[in-house]
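[1] coords please:
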Amino acid sequence: MKWRERDYWMGTEIGMLRGYEFQGQVTAGDGSDKQGKIGAGHINLRRQKEIQQCKVRREEEGSSSNRPELTAFLLALRDTLIEEPLLYLCDNQSLLRAVNHLKWIGGGGNATLVGAPDADILAAAIEIPRKRIAAGTATFLVKVKAHRGEPANEGADILADKAISDPKVGQEWCQRSQLAVFTWKTPCREEGNVTYQDHHSTFYNSVRDAIRRGAAENEVPKHAEKLAGA
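    This next block holds a predicted model:
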């Protein structure tokens, strides 16, 4: 980078933290979830010709922003040698919680993937950092603000969006789990009209919330009748 381009990059959030001067591989990844279709992409700023994208399947079990974000992180890990220091930029706080090294490295009763919504991807995503730690290689994950003009993050975001619609982009993580899938409807109110949108997911927080909301809605007529009778 030279002249104005360098000034712009170094004036961003990561630039001011000297992240773009990191002595190792600097990568950025992002995921996209549009109407249940999921894509992931990552870009390596040291090897800009190596761009990786993929579609992420298993949408029949529901979709979330965390699943493509995990995939983008895994793509970046695959693209980096175990011996190379890595700085990974992402705009998703949930990803940082999911891949918290202190939880997974060292074992213990809490180090289990039981109940993890995206255990198929997470298992692979934590195995490579485990090898990197064993090799004494530094791995840094840094949260950046989304859609604030951070060049690396914006580039990864574009790749993730294009991965969904581009027929040439391959797909991964397609195999269904053996978990039951729940379906429910949620009301969408717009300009005085109410329509209902279908949702489906395995039994996680969104299903629990739907059950609680449905139970509360069933109680409303009962209380209305009591108030009317009083």
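
[2] chain center to the host helix or strand of A123: distance?
    A123 is located in helix 119-134, with elements delineated by DSSP states H and E. A distance of 15 Å separates the centroid of the chain from that of helix 119-134, by CA atoms, centre = their mean, to the nearest Å.

[3] low-confidence stretches in this protein?
    1-3, 48-51, 59-64, 101-116, 200, 204, 229-230 (pLDDT under 70).

[4] for it, what spans make up the helices?
    3-10, 13-16, 66-78, 93-98, 101-104, 119-134, 151-165, 205-229 (DSSP state H).

[5] does the longest one pack against any helices or strands, and if so which?
    Using 3 or more CB pairs under 8 Å, 6 or more residues apart in numbering; DSSP states H and E as the contact criterion, the secondary-structure elements in contact with helix 205-229 are strand 181-190, strand 193-202. (Glycine included, C-beta is placed from N, CA and C.)

[6] what angle do that helix and strand 193-202 make?
    Going by axes from the mean of the first three to the mean of the last three CA atoms, to 10 degrees, helix 205-229 is angled at 140 degrees with respect to strand 193-202.

[7] angle of helix 205-229 against strand 181-190?
    Using the same axes, to 10 degrees: helix 205-229 against strand 181-190 is 60 degrees.

[8] touching helix 205-229 from outside, list them.
    Contact partners of helix 205-229, identified using CB atoms under 8 Å, 6 or more residues apart in numbering, comprise 62, 182, 184, 186, 199, 201.

[9] how about Q53, what does it touch?
    Residues near Q53 by CB under 8 Å, 6+ apart: 39-41, 75, 159-160, 162-163, 166, 169.

[10] and stretch 65-78, what's buried?
    In terms of neighbour count (16 or more other CB atoms under 10 Å), stretch 65-78 has its buried residues at 65-77.

[11] how far does it sit from its chain's centre?
    On the basis of CA atoms, centre = their mean, stretch 65-78 sits 7 Å off its chain's mean C-alpha point.

[12] do you know how far the nearest residue to K131 once chain neighbours are set aside is from I128?
    In this structure, K131 finds its nearest non-sequential neighbour in I82, 5.5 Å apart by CB to CB, 6 or more residues apart in numbering. As judged by CB to CB, to the nearest Å, I82 and I128 stand 8 Å apart.

[13] over to I38?
    Taken as CB to CB, the span from I38 to I128 is 21 Å.

[14] between these two, which one's more packed in?
    I38 (26 against 18; other CB atoms under 10 Å).

[15] dump the residue contacts of C54.
    By CB under 8 Å, 6+ apart, the neighbours of C54 are 39-41, 71, 75, 163, 169-172.

[16] how about a cut-off of 10 Å?
    Counting by CB atoms under 10 Å, 6 or more residues apart in numbering, C54 touches 38-42, 68, 71-72, 74-75, 159-160, 163, 169-173.

[17] where do the domain boundaries of the protein fall?
    The chain breaks down into these domains under automatic domain parsing: 3-172, 181-229.

[18] hey, which of those is tucked in deepest?
    Compared across the domains of the chain, domain 3-172 shows the largest average neighbour count, a mean of 18 (mean count of other CB atoms under 10 Å).
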